[in-house]
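>>> Show me how the following folds:
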Amino acid sequence: MGRWEPNARGRLEQAALELYAERGYEQTPVAEITRRAGLTERTFFRHFADKREVLFAGSGRLAELCAGAVAAAPAAATPMDAAVAALYAAADIFEERGDLVRLRQSVIDANAELQERELTKLATLSGALAEALRDRGTDDLTARLTAEAAVAVLKVAFEHWIHGSGEQTLRHLLGECVDSLGTAVARGPGAAGSVSG
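Model prediction:
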């Protein structure tokens, strides 16, 4: 085998996801992943710290992409509009990689440890969004609330996209969730400033 392997990372990711789905995450050793990909274990560890990172290695890039989209939003955009722009940027990536994203999610859904790691990834994304919003001049409380709400929108829309009929795009589902959130928090005429009372 030559020193340079075209698309080694992609081949390893594809092989790992297929094996995780077929045999289970816990039952799949790195040696089996590399055998299927036609690569060496040394090559695997050049790209991934461990077999779990095949599923989560893109988390940092996703957070950077979303923070960049918040920064690039028009100056007049509300904090939520800027955060939604970030969600749409993420949706484009997920939709491009649709089959792999669905396969990845099926592996995570079948493993409690991986589900916990996914929650950590979402918390990291929320933190990145909040920081990007603060960098735009949004106060801390608003930035944190907006980021948490945006991640909740992403989570619900993503679940509908993954488990739905496939007729609606993730972008469309994000729009529906944003509209539903807006309806949920809208105040009617004469609404009190506090829900207590």
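
>>> now stretch 7-26: mean pLDDT?
Averaged over stretch 7-26, pLDDT sits at 92.

>>> hmm, who's touching it?
Contact partners of stretch 7-26, identified using CB atoms under 8 Å, 6 or more residues apart in numbering, comprise 5, 28, 32-34, 36-39, 43-44, 46-48, 51, 54-55, 100, 103-104, 106-107, 110-111, 114. No exception for glycine: its C-beta is placed from N, CA and C like everyone else's.

>>> now the helices for this protein?
8-23, 30-37, 41-47, 53-56, 59-72, 79-96, 98-109, 112-135, 140-163, 170-185 (DSSP state H).

>>> that older thread, quick one, which of the contacts of stretch 7-26 are buried?
Buried by 16 or more other CB atoms under 10 Å: 28, 33-34, 36-37, 39, 43-44, 47-48, 51, 54-55, 103-104, 107, 111, 114, out of those.

>>> Distance from stretch 49-61 to the middle of the chain?
Put simply, stretch 49-61 sits 12 Å off its chain's centre (CA atoms, centre = their mean, to the nearest Å).

>>> Would you mind listing the outside residues contacting it?
12-13, 16-17, 20, 25, 28-30, 33, 47-48, 104, 107-108, 114, 117-118, 121, 124-125.
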